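Colleague: for reference, the sequence and a predicted model appear below.
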Amino acid sequence: MNEVDIGLASEFNDPGRKIIESEGIEVGVFKLGGEFYAYGNVCPHMGGPACQGQIIAKVDEVIAADRTSKGLAFSKTQTNMVCPWHGYEFDIRTGRHSGNSKVRLLPVKVRVSDQGRVIVSLPPEIRRSIADAGLGRPNQEKRPSA
Ligand code: FES
C-alpha cells in the first residue's frame, strides 16, 4: 500500500502526533503550526522509537551583548521531539538533531487531501529504508534478504 489514510486533519491536536503502523513499519506523524510532518519511528542513534518521545520547545542559552550567559530559555520558534531511549532531540519541522544537523530521522511524505484527510506516502523504497534503519533495535529480527 503506497498511501495510507490516517484520518481527518481536523482531529489532530496542534501540536500533536499519531504513531501509525503499516505492514510492519512505524511512522510518526506530527501536526505543528497547522502543518504536517512525518518520519520513520526509528532513531538514528540506536533505533529507539524517537517519534514517541516528549514534544517540547528547544532549550536555548540566552547570551547577552557582553557574551555572558543569561541562562536558559525555551525557544519560541523550534519544537523538538525527544527520543525516549537516550534523549536525542529532533526538530519536528526538519527531523534533524538539534546539535548535529547531519543526524536526522528518515522523512516520509505526508499531505492533506481535498477532503481534509491526512495521507502518508509509503512507497516500497521508503518502507525498506525504515525497516533497514530499525534492524539495529534490540530484539529486532534480521529481515531475510530479498
Ligand atoms: S536510540 Fe534514540 S537517543 Fe538513543
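Modeller: Nice, thanks for sending it over.

Colleague: does the longest strand belonging to the chain reach the ligand?
Modeller: Secondary structure of the chain per DSSP state E: the longest strand is strand 69-82. No. Strand 69-82 lies out of reach of the ligand by CB under 6 Å from any ligand atom, never closer than 8.5 Å. Glycine gets a C-beta too; all of them are placed from N, C-alpha and C.

Colleague: just the pLDDT at the residue lying farthest from the centre of the chain, thanks.
Modeller: For the chain, the largest distance from the centre (CA atoms, centre = their mean) belongs to residue 66, which lies 36.7 Å off. Looking at residue 66, its pLDDT reads 96.

Colleague: just the C-alphas of the host helix or strand of residue 60, formatted as CSV.
Modeller: In the assignment (DSSP states H and E), residue 60 maps to strand 55-63. C-alpha atoms of strand 55-63 as CSV (Å, rounded to 0.1, in the frame of the first residue of the first chain):
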residue,chain,number,x,y,z
ILE,A,55,7.3,17.1,22.5
ILE,A,56,8.9,20.2,24.0
ALA,A,57,10.3,23.6,22.9
LYS,A,58,14.0,23.5,22.2
VAL,A,59,16.1,24.9,25.1
ASP,A,60,18.4,27.8,24.1
GLU,A,61,21.1,29.5,26.1
VAL,A,62,20.5,33.3,26.2
ILE,A,63,23.7,35.2,25.5
